[in-house]
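Engineer: give me a 3D structure for the following:
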Amino acid sequence: MKKVFCSIFGHHYSVSKKVTMHIKEYKCVHCGKEVTTDVSGNLSNLTPELQEINQTLERLYQRRHGAVHQVA
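Structural biologist: So this is what the prediction gives:
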């Protein structure tokens with residue numbers, strides 16, 4: 001029934017994870033569909049490959065910004 005709601009009215013995404021300041025993962029509150037922002041800023045289906053890329057980006061982002069805060 002929830003998928004029918006989304007097919008009629010569209011998905012209602014909420015942020016499920018902030019990877020970096022510009023890249024986020026979203027999840028539909030009705031059907032659970034997961035998407036992420038791509039390099040162009042568009043939403044793309046969250047595939048295992050994109051999920052792995054996001055995890056790597058998150059680690060690099062945290063290391064870089066953690067080191068900047070420690071020096072300052």
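Engineer: strands along the protein, start to end?
Structural biologist: 13-18, 24-28, 34-37, 43-45 (DSSP state E).
Engineer: for residue 7, find the nearest of those strands.
Structural biologist: Of all those, it is strand 24-28 that lies closest to residue 7, at 11.5 Å by Cβ to Cβ. For glycine as for every other residue, the C-beta is placed from the backbone atoms N, C-alpha and C.
Engineer: which other helices and strands does the closest one contact?
Structural biologist: In this structure, strand 24-28 makes packing contacts with strand 13-18, strand 34-37, judged by 3 or more Cβ pairs under 8 Å, 6 or more residues apart in numbering; DSSP states H and E.
Engineer: run me through the strand neighbours of that strand, direction for each.
Structural biologist: Sheet pairing of strand 24-28 (DSSP bridges) gives strand 13-18 (antiparallel), strand 34-37 (antiparallel).
Engineer: just those strands: most buried one?
Structural biologist: strand 34-37 (a mean of 18; mean count of other Cβ atoms under 10 Å).
Engineer: how many other residues sit next to the closest residue to residue 41 other than its chain neighbours?
Structural biologist: Counting by Cβ to Cβ, 6 or more residues apart in numbering, residue 41 lies nearest to residue 22, which is 7.7 Å off, once chain neighbours are set aside. Other residues near residue 22 come to 11 when the count uses other Cβ atoms under 10 Å.
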